[in-house]
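J.: Requesting a structural model of the entry that follows:
(chains A and B)
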Amino acid sequence: MSTHRHAPRLTRRLMLGQTLGFSAALLAACSSQPPAPSKPAEPAKPAAPAPTTAPVPTAAPAAPAAPAAAAKPTEAPAAAAKPAAEAPKPTAAPAQAAAKPGVPGVLRAPEPSPKRGGKATFAFGVTTNHFDIHQAGGPASILWHTYNNLVRLDPTDGLKTIIPDLAESYDVSGNGTIYTFKLRQGVKWHDGTDFSADDILATFNRIIKPPDGMVSAFKPRFGALKSVEAPDKMTVKMTLTEPRAYFLELLTHESGIVYSKKALDENNQDLRKVIAPGTGAYVFKEHKVGERWVLEKNPNYWDKELPYIDTLEFIHAPQWSDRGTAILSNQADISWNVSKETYEEGQKRGNEIGTFMVPGAGAYQIYFNCAKKPFDDARVRRACHLALSRQDLFEAFKTQEPLNYTRYMSHGFEYAMSPDDVLKQPGYRADKKEDVEQAKKLLAEAGLADGLKNVVILTASVGPHAQTLTPATQAILKQNLGVDSTIKAVERAVLNDELRAGQWDLSLNTIGMPLYDPTLGWIDYFQTGAANNLGKYGNPKFDEMLKALDSEQDAAKRKTMFREMEDFLDQESPWMTIGFTSHLHMWKKYLKGMPFERVRLSWGKTETMWVDK
Amino acid sequence: MHLYILRRLLIAIPTLIGVTLLIFAAMRVLPGDPFATIEGESIGTIQLTPEQIAKARASLGLDRPYHVQYLAWIGDVLRGNLGTSFWRGEPLSELILRRAPITIQIAIMAVLLSWVIGLPVGMLSATRRNSWLDYLARVFVTLFQAIPSFFLGMLVILIGILYFSWRPSLTIVYLWDDPYINLEMTVGPALALGLGLGAFIARIARSSTLEVLNEDYVRTARAKGLGDRWILVRHVLKNALLPVVTVSGLAFGGLIGGSVAVERAFGVPGLGLALVMAVAERDWMLIQNLALFYGLVFVLVNLLVDVSYAWIDPRIRYS
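T.: Model prediction:
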């Protein structure tokens, strides 16, 4: 090639270099939002709602009015009766919603005349790597709308009460080990087949006795479920090895979603690549990866009155701020979790936007590597726990997420110690003088009077908690206890491997309790050798306490046990809790049919929601 | 010319092979792999045994020797099969086809905007050298070059939300589906990218215009009594365009692959955002194929730029 031209003063090579450099800088500048345990609540104040009462099981729920003839497509009034455990008195149902009184678990919007039709758009992260919820796929929060559980939390009372779902009623034996469910008649799968006890058997047997090659994500949670039997076509009997106070709550979770036996059989027990039909109020319509899902009303839903809304759309907004701005800009109607600044902007627009903080079941915490000196010594761990100022950490994090003063269970759990009482505890209280003195004494007793040196704090390389809480922790421990440490920041992709490799002393991380009742979470995080006991903590005495707690049914005894165990954990300090967080719900006020002021998190199931516009 | 284009395309082959080797090696050198990330997301839910981990890695083909993985990938690409995302199982050809139009549209709009802003400002600045207009233009040029485009993006979002309850669409809407919503979605990112690039173009245009203004043929034109405007349009503009075209071509390629931060700031589901997610998730297959796509775009844009020289400046001949 020969060219004859004016040579540009800026050569292409130079430009290419600059462009690539710029691109690399941009790439480095951005990073995906890390998973966070939950979303904010005010620091120093408990979240607005009362602590989550353990969901109240309702063995024989009262019956609300149930549906009659299908109403007109729009603006047909529906029954206003509120069902279930709080012994509701069914209100007189409008004529078209007249119904099947006596049918338990039938839900209605609390308003007298819910409108039908329309669309509701949710904004949150909706990516998934497969669709099998029982293999830890998902996103359960979306697919849940297409499925049912045996029992569920009542969306019309803020998720306080457990009510029947696919079960019409249930009975628990006196010793708490046998659960008998009478199944709902007339339920059909989206593919038209009839629902029966066979589906329950197929679902739960797959969880507790997974076929070869299947990773049963919830098997540990159902560890006490010995057998599932079907005395007849519409009755299921679940037998536990020991009683579990949280068993019904577990069945309300996504772990209790019921799959079709036919779908399981047709797919060789593996639903990762298929969106299996459900029995739920919505059917799957469209999925654009990393962009959106669309679900449509199930015309054959067993409750002919529900759902009120025709279409549910879920748009992918992994950033909390994008979710909030989606609502503020009318692109979405609701998000279960928005950023703090958009939440505050939503509060300013209170005439059109509703906001509410819901206690989360996740927390920020700092693991100790209990398998490595000097943190194999409980005195050293407790010294750090005492010296760590939660107040300073909250202050450092206040622009990101307000945190709650908690110990080892969510502030949303009914047995959680109140924030005021937490703040009286050593380690958590604001005045550190006495705690720091005690911490130094403990270090001296452990032979570390000169302080801790060469401590490695492992953390993720991105994320507000990694970028703010980790250096703040480092500074606080240095200031209060003279701990010399270095931060080892690694990408999320390798954090797990690094944690397993064990070349660290402290690790700031996030945890999530499977239920608000922390029993299962504690077993998973603190029991000797447990799957997620990444700090390798182990204490036979605590293992015994866990075993006793797990099988205890008496509420008063459990409350005492929880308190004793938290005291024990404070002494042992397998990790330092920074605080449980809360989620920030934000929604357009034209959404009605269920209170969004919930006592717990649940991102699925909105059949009674309707659009008032 | 045709022979030249053919030769350039043939030369592109080793370039693209180099790209594939580099990106493939880079992904393997980085710590962590797609499975580690997928597993990391499940922490707190499930904990796999070493056997299960090995089996899962094998199911993704990660247990094969590197050269086998590389050759399998190249073989698939040559057969037109870009594979599927490790993380989401989505066919990558679908992902690229769905997201590329938005990213390319934003890049085209940004380049056009940069020309609309940069060329007049640069030429005005050159012809009114050292006047207050020149100083003002240079201040703005420096300002917009200094402000990162994603920061401009954040400002646009903030102002949009706080004062107009507006933000660009979070879901893809193509120009041919709904032009209004599509423009709503793309104008912001194009503005954020185009202003910075426009400032750069203005600088380039100013300096090249100044250079051309000092050429003998411009002096001759003036001596012939031609008007300033005629000289500027007829003799200066075309000659001053060459470096601008060079910069724009390279910038376009950069915008296709490098609008990551702006797409992130606006939440626009384009290729840049997909790349960010892929890097965080170690979705090797997606990163490899996007890098190859970007490489291809760069090669083609460079070729187009070179071919356009001959059109802009007839003195340039390819043989």
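J.: which residues of the stretch 51-200 of chain A score low on pLDDT?
T.: For the stretch 51-200 of chain A, the stretches with pLDDT under 70 are A:51-104, A:138.
J.: Let's see that with 90 instead.
T.: For the stretch 51-200 of chain A, residues meeting the criterion pLDDT under 90 lie at A:51-106, A:110, A:112, A:124-131, A:135-142, A:156-158, A:160.
J.: all strands for it, in order.
T.: A:56-57, A:119-124, A:151-153, A:161-164, A:167-172, A:178-183 (DSSP state E, counting those that start in this stretch).
J.: So which of those strands is nearest chain B?
T.: For chain B, the closest of these is strand A:119-124, at 7.1 Å, according to C-beta to the nearest C-beta. Glycine gets a C-beta too; all of them are placed from N, C-alpha and C.
J.: tell me what the closest one is packed against?
T.: strand A:311-316, helix A:320-328, strand A:334-335 (3 or more C-beta pairs under 8 Å, 6 or more residues apart in numbering or on different chains; DSSP states H and E).
J.: What ranges does the stretch 351-500 of chain A have for its helices?
T.: For the stretch 351-500 of chain A, helices defined by DSSP state H, counting those that start in this stretch occupy the ranges A:378-387, A:390-397, A:419-422, A:433-445, A:464, A:470-481, A:492-501.
J.: got a list of contacts for the first one?
T.: The one in question is helix A:378-387. Contact with helix A:378-387 is made by A:368, A:370, A:374-375, A:426-427, A:432, A:435-436, A:438-440, A:442-443, A:445-446, A:448, A:452, A:476-477, A:480-481, A:483, A:506, A:570-574, A:576, as judged by C-beta atoms under 8 Å, 6 or more residues apart in numbering or on different chains.
J.: could I get the strands of the stretch 51-200 of chain A as TSV with distance to A:Gln467?
T.: Formatted as TSV, the strands of the stretch 51-200 of chain A follow (distance: least, C-beta to C-beta, whole Å):
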stretch	distance to A:Gln467
strand A:56-57	41
strand A:119-124	23
strand A:151-153	35
strand A:161-164	40
strand A:167-172	47
strand A:178-183	46
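J.: picking up where we left off before, filter the contacts of helix A:378-387 to the buried ones?
T.: A:368, A:370, A:374-375, A:427, A:432, A:435-436, A:438-440, A:442-443, A:446, A:448, A:452, A:476-477, A:480-481, A:483, A:506, A:570, A:572-574, A:576 (16 or more other C-beta atoms under 10 Å in any protein chain shown).
J.: Which residue does the stretch 351-500 of chain A have closest to chain B?
T.: Closest point on the stretch 351-500 of chain A to chain B, by C-beta to the nearest C-beta, is A:Ala493, at 3.2 Å.
J.: contacting residues for the nearest residue to that residue once chain neighbours are set aside?
T.: In this structure, A:Ala493 finds its nearest non-sequential neighbour in B:Gly32, 3.2 Å apart by C-beta to C-beta, 6 or more residues apart in numbering or on different chains. Residues near B:Gly32 by C-beta under 8 Å, 6+ apart: A:Glu491, A:Ala493, A:Val494, A:Asp497, B:Arg282.
J.: Quick check: the last one touching B:Leu30?
T.: The reference is to B:Arg282. Yes: assessed by C-beta atoms under 8 Å, B:Arg282 is found in contact with B:Leu30 at 7.3 Å.
J.: intersection of neighbour lists for those two?
T.: Joint contacts of B:Arg282 and B:Leu30 (C-beta under 8 Å, 6+ apart) are A:Ala493.
J.: More neighbours: which of the two?
T.: Neighbour totals were compared for B:Arg282 and B:Leu30, and B:Arg282 leads with 25 against 15 (other C-beta atoms under 10 Å in any protein chain shown).
J.: Quick check: that one vs chain A, distance?
T.: Per C-beta to the nearest C-beta, to the nearest Å, B:Arg282 is found 5 Å from chain A.
J.: And B:Ala72, by the same measure?
T.: B:Ala72 sits 21 Å away from chain A, going by C-beta to the nearest C-beta.
J.: burial of B:Arg8, as a residue count?
T.: 17.
J.: Ok, A:Asn268 next?
T.: 10.
J.: can you check the one 5 residues further on too?
T.: Other residues near A:Lys273 number 11, with proximity taken as other C-beta under 10 Å.
J.: what does A:Arg292 give?
T.: Here the count is done by other C-beta under 10 Å, and A:Arg292 has 22 residues near it.
J.: Find the residue closest to it in space, skipping its chain neighbours.
T.: A:Ile315 is the one closest to A:Arg292 (C-beta to C-beta, 6+ apart), at 4.8 Å.
J.: Enumerate every residue touching the one you found.
T.: A:Thr121, A:Phe122, A:Ala123, A:Val126, A:Glu291, A:Arg292, A:Ala326, A:Gln331, A:Ala332, B:Leu170, B:Thr171.
J.: could I get the residues you listed as TSV with distance to B:Ala199?
T.: As requested, these are exported to TSV (distance: C-beta to C-beta, whole Å):
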residue	distance to B:Ala199
A:Thr121	38
A:Phe122	40
A:Ala123	34
A:Val126	38
A:Glu291	33
A:Arg292	36
A:Ala326	31
A:Gln331	31
A:Ala332	35
B:Leu170	29
B:Thr171	31
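J.: just the helices in chain B please.
T.: With DSSP state H as the criterion, chain B has helices at B:2-29, B:34-41, B:50-59, B:66-78, B:92-127, B:132-146, B:149-164, B:179-213, B:216-223, B:228-231, B:237-258, B:260-266, B:271-281, B:284-312.
J.: Minimum distance to A:Ile275: which of the ones you listed has it?
T.: helix B:92-127 (16.9 Å; C-beta to C-beta).
J.: For that closest one, buried residues please.
T.: B:92, B:95-96, B:98-107, B:109-111, B:113-115, B:117-119, B:121-127.
J.: and those residues near chain A, which?
T.: Taking C-beta under 8 Å from any C-beta of the partner chain, the overlap between the buried residues of helix B:92-127 and the neighbourhood of chain A is B:Leu95, B:Arg98.
J.: With that, I have no additional questions.
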